[in-house]
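Novice: sharing a model prediction with you, sequence too.
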6 protein chains.
Amino acid sequence: MAPIALPHTRPPHDLLIEPIVHRALEEDLGRAGDVTSELTIPPEQFASAQIVARQAGTSAGLVAASCAFRLINPSIQFHVENPDGSQVEAGTTIAAVEGNARSLLTAERVALNFLGHLSGVATATRALVDAVRGTNARIVCTRKTTPGLRTLEKYAVRCGGGINHRFGLDDAVLIKDNHVAAAGGIKAAIERVRAGIGHMVKIELEVDTLVQLEEALALEVDTILLDNMKPDTLRQAVVLAKGRAVLEASGGVTVATVQAIAETGVDYISSGAITHSAPNLDVALDF
Amino acid sequence: MAPIALPHTRPPHDLLIEPIVHRALEEDLGRAGDVTSELTIPPEQFASAQIVARQAGTSAGLVAASCAFRLINPSIQFHVENPDGSQVEAGTTIAAVEGNARSLLTAERVALNFLGHLSGVATATRALVDAVRGTNARIVCTRKTTPGLRTLEKYAVRCGGGINHRFGLDDAVLIKDNHVAAAGGIKAAIERVRAGIGHMVKIELEVDTLVQLEEALALEVDTILLDNMKPDTLRQAVVLAKGRAVLEASGGVTVATVQAIAETGVDYISSGAITHSAPNLDVALDF
Amino acid sequence: MAPIALPHTRPPHDLLIEPIVHRALEEDLGRAGDVTSELTIPPEQFASAQIVARQAGTSAGLVAASCAFRLINPSIQFHVENPDGSQVEAGTTIAAVEGNARSLLTAERVALNFLGHLSGVATATRALVDAVRGTNARIVCTRKTTPGLRTLEKYAVRCGGGINHRFGLDDAVLIKDNHVAAAGGIKAAIERVRAGIGHMVKIELEVDTLVQLEEALALEVDTILLDNMKPDTLRQAVVLAKGRAVLEASGGVTVATVQAIAETGVDYISSGAITHSAPNLDVALDF
Amino acid sequence: MAPIALPHTRPPHDLLIEPIVHRALEEDLGRAGDVTSELTIPPEQFASAQIVARQAGTSAGLVAASCAFRLINPSIQFHVENPDGSQVEAGTTIAAVEGNARSLLTAERVALNFLGHLSGVATATRALVDAVRGTNARIVCTRKTTPGLRTLEKYAVRCGGGINHRFGLDDAVLIKDNHVAAAGGIKAAIERVRAGIGHMVKIELEVDTLVQLEEALALEVDTILLDNMKPDTLRQAVVLAKGRAVLEASGGVTVATVQAIAETGVDYISSGAITHSAPNLDVALDF
Amino acid sequence: MAPIALPHTRPPHDLLIEPIVHRALEEDLGRAGDVTSELTIPPEQFASAQIVARQAGTSAGLVAASCAFRLINPSIQFHVENPDGSQVEAGTTIAAVEGNARSLLTAERVALNFLGHLSGVATATRALVDAVRGTNARIVCTRKTTPGLRTLEKYAVRCGGGINHRFGLDDAVLIKDNHVAAAGGIKAAIERVRAGIGHMVKIELEVDTLVQLEEALALEVDTILLDNMKPDTLRQAVVLAKGRAVLEASGGVTVATVQAIAETGVDYISSGAITHSAPNLDVALDF
Amino acid sequence: MAPIALPHTRPPHDLLIEPIVHRALEEDLGRAGDVTSELTIPPEQFASAQIVARQAGTSAGLVAASCAFRLINPSIQFHVENPDGSQVEAGTTIAAVEGNARSLLTAERVALNFLGHLSGVATATRALVDAVRGTNARIVCTRKTTPGLRTLEKYAVRCGGGINHRFGLDDAVLIKDNHVAAAGGIKAAIERVRAGIGHMVKIELEVDTLVQLEEALALEVDTILLDNMKPDTLRQAVVLAKGRAVLEASGGVTVATVQAIAETGVDYISSGAITHSAPNLDVALDF
């Protein structure tokens, strides 16, 4: 049996996933549970089924789907055929399940909701990653994630070949225009941050113009976010930076535009859409 | 000041929303909180800002967005300009906030994540609702929702003019092919359900063919789900049913196809895509 | 070994029961745990015991009792002799347990508290069910349940042969006098509800008089609650309704009165007392 | 306005009550909330109502009922007329509420479920307390409480004039027959307990015979539980003890038997029925 | 294999420990988990390691440390060499672990944080216990514990040979100066307590002078707390009491002073420092 | 009134503190609450008191202490005299409280437990910070924190003038000897990390020898941890590094040794003792 995820995707520890899946199951079971299955299916009936992709894409979410089946019935067998991070075609079997028939039906929808959503995120990420192949740019996500699912969506981004930006407000500094204005300028903002932040926290500064970029470069921040710049301006920014800071481009990133952005020589390209607007990948449970 | 939502949208009680928003804030604050704002913005600085739509659509989610600001700082003023369920254009101000500058920035992303996602659901719903205008068909949602957000997404569907299908496995019976097979036929399945279910629970049966439909009609279930039937077949189903059951069509429902489906005379058309694949509505906080 | 419950009783999924039993155990263990057993009983001592009924009745609650033993010590063996929903006599063994002696004593009280209470509910339900035998009326419960135990008490009602009314405020509509008054009349109330509620939610209307009943029948609601009517009036109501709506009688329902109510021809008779005033069934753990 | 409870009843701190009431409200609101009230009652409608006893008894539970209204809507005014621990007659107004009409109806059932149940416990307690008036015996409760409600039921016992026995397995030692058997005799059991227990924990020993009683008295435990002894034997036990230990009688305690037990001279009489088998006190919300 | 704790230490039930260890692991894993181990260690690599004391002391906390390893990976083998409550030297192996290498490293810090802290408490307790050896005095703890860890720290006190004072505000009465002042004197305070408290709750009174002690003795409280008295005064108190109450001394208790206090003849000596100021015992995980 | 904390200390958001304080209060109140105060103090009695330092040190924890009073009774007034991060002497008033007397006594111990513990951490940190004054070295904390209190202890470190190292396993990479061994060498370990980690995460490598240091410098990691090196070796390390990496020294750090370590020229000195072995600062509530 294949492991549940490809090694480079680094699935989150069960301890972080279980409470989320548990809440999703409670949300679906409500107070009375799966009344339809309980009333129509004999208690000891056994069944087996395949989780099958109905369209091509990158799969992600078996960590959560298998957890849903396990929480409903620990005796269900879950066989991974294509671990998280795999490219699948329409018709590809992702995993097989067997066990108590009622339990399989009770867990089905929650399991598929996780798998379809996270595979959608992985697929959208992969589309951008493929589009910049051949350049040095890497695709990164943002904090524009679905409430409650950040750890899982960040994981789905990794399954799609993307890189994770910070996980929250606290694990890296990102100084935006409002922070600069409140602090009284870029220099003041960075000095304040440096005076108080730990030595293991990276600092990123958002700039809108090349003038700001020059000021930022002089201040030696770790990363500079070039927000909403056209490819031409991005190219000038890369020249200007001469490798003195990591450069990240954001704004207007789509499958259609991302290659041109990547070819400017920026190091990272961030996209909110891969987490907040990725359509579900169609997956089904075939008995 | 406008109320937070249009009356027909029936916002969920705060008791149901607060735990979800609280978890989303914890997810974003992590262990160290909003270090950037704490280090750059004077503690007593005041600010005001507008939540503005960047594209046209149907807004939904102020109930959660306002909750995010309130949980971060109860003294923030939140002024609704266009309550949940409104049609907004690019540039329309949805709400205004004022209060402590740090607090506004700390709550911003979580508030917008809810608002963008739920407005996306409402907008996708509205697109289908508009497409069937002039027919008797109504658009309904499914259990294909984002894990953890069912109550809020069901609400966003209402904001978009849609109707809610059951909220979980327990508040209505939906007999699908696997249930029928396990029970030994449609008749046996329905008899088992009727013997055990409460008198305040509706029963729906999924059928794939007109032959099954006839059997179902004879058994007087409340609703019949016509799964993946072409418009021609749906039209025959409507004729066959003669109003003896509520008819719901599902499968292949898009903005392009929904009008033809509606014109067959079915009562309800269900769509999973409005909850699981709706792209975010672009909303921003302008200071 | 017998299954934990008779099939028609449909025990709630463990996922719904475990948090409730866990809290009950925490409530009893406090901060220092079972100090008496820890100080007097050798750590490796083994024991076996029977859960025995001390009076006749209908048993319910093994799902929770067994969960209490399992949460205290997963190695305890739990053997069901008379599954939930059985008729038991004084002296009947309901289940047998064996395992670590300390663990058995630590879990004993919580297990018996669930079993005694839920068997009490089942027994009170069964008394009404038996009293209406020979009529077409079925006994249903209400939302007058013990706070925190609704899912379990609704299950105990099923163990006693009763039918479940709605599980909460959200899974069915029940229009009472205050709703009618606020809406401006029965017709207005029902129209408002129909305009906003999903197609899978049943609607019940409470009426106090035959005049109201006629109005309700004309509006084709699913169920009509005949509140506090005498048998004579109920009989007239049944004649009036001619099967156009399901009829439910409530008010003044006791073992003494219920047969006369049932013989009026109503379909359902609801009782709050079976959940809120059922005395414990006396059960004990005999070593 | 009267305080929420009579001073001697010592209501539990809100911190202990709120989570219980919160869970009860979540249980009733489910996922979709109070759909009936939301659809029929105008959002701004105001109402006032009285909580009225429908039968005579001792009230208890306003601490929880008021909490239910407050959690649903903090702007609801709650006026106490007869605080917890009062004797009420049929028709007595216990409290008055006024505020948003929807909110009042949404909170009503949960508030009354607490009030009816806890008043039932207080009333049952009071019946025993009244029956032993004139003797020195006091009525105490047990750990035979409804799962999840121990703190509130212990409080209701105080409202009825009773005394609280230990709150759990951990705040006092109670050595029963199984403990004695496992330890190898009464003396061994008590020595083991004394060697390990803190100096602020009282020790009670259960005895079934006068022979055991003599052994227990010699060992100077704080309290001796005389289990299932007839009044004659109890009287001999009192003579034997000569005040050397507190004596508690248990078993077969009813309103009919309790006076005879009390007149034997025992100090405390414990009853499980006052918590596990007390019928609801009928209370209603009259608009 | 040795049991996890020496019998007299009475480890708390897992049900009480698991939620605390779970939260500690969540606190350390954050949202992204142990990124270093996931990126550098092959997923199937196996390892074994010893938990070793780096300094002499009394061990305590294997109950929590083993729980940390088990929650991270149930397949980890945990072998106890020196159970909680053992005297260990620098270099002594306390326990051995073997299993998945990533899992061992992920759980390591949380496991050691519990073990080092609780062993520190046990060691500080043992130092006082050893210092009073030969007298009748016993060392007791207080409510001055680290927030969230009371059950575990009280257990560590037992591992060090100490006795537990009350676990919270609710399981024993301790009347201090402010209570006496508010009640209007010692006598009034005790009378009020006796009128309302259960018969299984002990009463302790804090006194500062021998005059107060005499008043207290006359009132027959269970325990008298002699606060901040010099040894000479304590000796007079012991003479005065003539065994009529248990005497507990507090204030200024250190390893240097405790013997002199014990030799005055008091029964118990309480120390807050053993829980709130005990330095960690240095323990490490050696691979 | 002074703010609750000095600006540079950046107190954690209430959202992060409240659940911790809430649990601490539940732990102290148990099931029956503060029985002593309820029985002796009139319900409406008012009192005022000062939180006073009994010894010199650096205060920290008013954020939690004030939260304890507020959760017990929102009407308590809390006046800060010396905000978190202040140097206080024996006798200095840190804050004043006034309000309901019972409430003040109920919250007292939990409030002081937080304040005493966190002030102890701040004071221990400050001692190291003061000892390195005049050098460029800064004091940093570790993950050796008390389970459940990491956010608060990290804050107390800031109150003492220290710098925070990473908050958990996930917000920075720290490659230790076991990681290096498993990966097959320093170079392989770092390459694996770089291939998978986000661009906003810093990387630290632990080295034991100067040879390893040279290898690490060539690989351009952000920070190098010089573990357990003598000052002479540290000095050579500083020379060798020539500013190419941030250098952090750890091991054997005490008030006696830290100055010599700092004078070697390292950038950061980390100490586990400031969080895991700091004795409480003695604080009291004087009425």
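Specialist: All right, it came through fine. Numbers count the residues shown, from 1 in each chain, chains lettered A, B, ... in the order given.
Novice: which parts of chain A sit against chain C?
Specialist: A:22, A:25-26, A:29-35, A:38-39, A:43, A:71-72, A:106 (CB under 8 Å from any CB of the partner chain). C-beta: built from backbone N, CA, C; applies to glycine.
Novice: any bit of stretch A:272-282 sitting next to chain F?
Specialist: No - for stretch A:272-282, no contact with chain F is found by CB under 8 Å from any CB; the gap never falls below 14.2 Å.
Novice: any idea how far that stretch is from the middle of the chain?
Specialist: Its chain's C-alpha centre and that of stretch A:272-282 lie 9 Å apart, by CA atoms, centre = their mean, to the nearest Å.
Novice: start to end distance for it?
Specialist: For stretch A:272-282, the separation between the terminal residues is 21 Å (CA to CA, to the nearest Å).
Novice: wait, does that stretch make contact with chain E?
Specialist: No - Stretch A:272-282 is not in contact with chain E by CB under 8 Å from any CB; minimum separation 13.9 Å.
Novice: what mean pLDDT does that stretch get?
Specialist: Regarding stretch A:272-282, the rounded mean pLDDT is 98.
Novice: which residues of chain A lie near chain E?
Specialist: A:3, A:7, A:10, A:12-13, A:15-16, A:150-151, A:154, A:164, A:167-168, A:171.
Novice: just the buried residues of the biggest helix by length in chain A, please?
Specialist: With DSSP state H setting the assignment, residue counts place helix A:101-131 as the longest helix in chain A. By neighbour count with 16 or more other CB atoms under 10 Å in any protein chain shown, helix A:101-131 contains the buried residues A:101-129, A:131.
Novice: show me which of the residues of chain A next to chain C are buried.
Specialist: So, of the residues of chain A next to chain C, A:22, A:25-26, A:29-35, A:38-39, A:71-72, A:106 end up buried under the neighbour-count rule (16+ other CB under 10 Å).
Novice: quick one: which of these is nearest residue A:208?
Specialist: Proximity of those to residue A:208, judged by CB to CB, is greatest for residue A:22, which lies at 43.6 Å.
Novice: spell out which residues of chain A are next to chain F.
Specialist: So far as CB under 8 Å from any CB goes, chain A lies against chain F at A:8, A:10, A:138, A:140, A:158, A:163-167, A:170-172, A:195-196, A:198-202, A:204, A:222-223, A:246, A:248, A:267-268.
Novice: show me the shaky parts of the stretch 51-200 of chain A.
Specialist: Nowhere does the stretch 51-200 of chain A drop to pLDDT under 70.
Novice: what segments of it are strands?
Specialist: Ranges of strands within the stretch 51-200 of chain A are A:57-58, A:77-80, A:87-88, A:93-100, A:138-140, A:173-175, based on DSSP state E, counting those that start in this stretch.
Novice: if we can go back for a sec, out of the buried ones among the residues of chain A next to chain C, list just those in helices.
Specialist: A:22, A:25-26, A:29, A:35, A:38-39, A:71-72, A:106.
Novice: quick one, the longest helix of chain A and strand A:93-100 angle?
Specialist: 170 degrees (axes from the mean of the first three to the mean of the last three CA atoms, to 10 degrees).
Novice: how far off centre is helix A:101-131?
Specialist: 12 Å.
Novice: that one and chain B in contact?
Specialist: Yes - using CB under 8 Å from any CB, we find that helix A:101-131 touches chain B at A:101, A:105-106, A:109-110, A:112-114, A:116-117, A:120.
Novice: tell me, which of these make contact with chain D?
Specialist: Applying CB under 8 Å from any CB to these, none is adjacent to chain D.
Novice: using the three-state scheme, assign the closest residue to chain F within the stretch 1-150 of chain A.
Specialist: As assessed by CB to the nearest CB, chain F sits closest to residue A:8 within the stretch 1-150 of chain A, at 6.2 Å. Put simply, residue A:8 is helix when judged by DSSP: H, G, I helix; E, B strand; the rest coil.
Novice: quick one on the thing from earlier: quick check on the residues of chain A next to chain E: which are buried?
Specialist: Those of the residues of chain A next to chain E that meet the buried threshold are A:10, A:12-13, A:15-16, A:150-151, A:154, A:164, A:167-168, A:171, by 16+ other CB under 10 Å.
Novice: can I get those residues in a markdown table including distance to chain B?
Specialist: Below are those laid out as a markdown table (distance: CB to the nearest CB, whole Å):
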| residue | distance to chain B |
| --- | --- |
| A:10 | 18 |
| A:12 | 13 |
| A:13 | 16 |
| A:15 | 15 |
| A:16 | 11 |
| A:150 | 5 |
| A:151 | 8 |
| A:154 | 11 |
| A:164 | 14 |
| A:167 | 7 |
| A:168 | 4 |
| A:171 | 6 |
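Novice: quick check, nearest of those to residue D:180?
Specialist: When these are ranked by distance to residue D:180 (CB to CB), residue A:15 comes first, at 43.0 Å.
Novice: is it true that the closest one lies in a helix?
Specialist: Yes - remark: residue A:15 belongs to a helix, assigned using three-state DSSP.
Novice: next, the contact list for it, please.
Specialist: Contacts for residue A:15 (CB atoms under 8 Å, 6 or more residues apart in numbering or on different chains) come out as E:22, E:25-26, E:29, E:71-72.
Novice: residue A:153 touches residue A:141, doesn't it?
Specialist: Yes - taking CB atoms under 8 Å as the definition, residue A:153 is a contact partner of residue A:141 at 7.4 Å.
Novice: so what sits against both of the two?
Specialist: Common neighbours of residue A:153 and residue A:141 (CB under 8 Å, 6+ apart) are residue A:275.
Novice: quick one: which of these two has more around it?
Specialist: Neighbour totals were compared for residue A:153 and residue A:141, and residue A:141 leads with 29 against 25 (other CB atoms under 10 Å in any protein chain shown).
Novice: excluding sequence neighbours, find me the nearest residue to that one.
Specialist: Nearest residue to residue A:141 in three dimensions, chain neighbours excluded: residue A:157, at 4.4 Å (CB to CB, 6 or more residues apart in numbering or on different chains).
Novice: and if you look at residue A:222?
Specialist: residue A:202 (4.3 Å).
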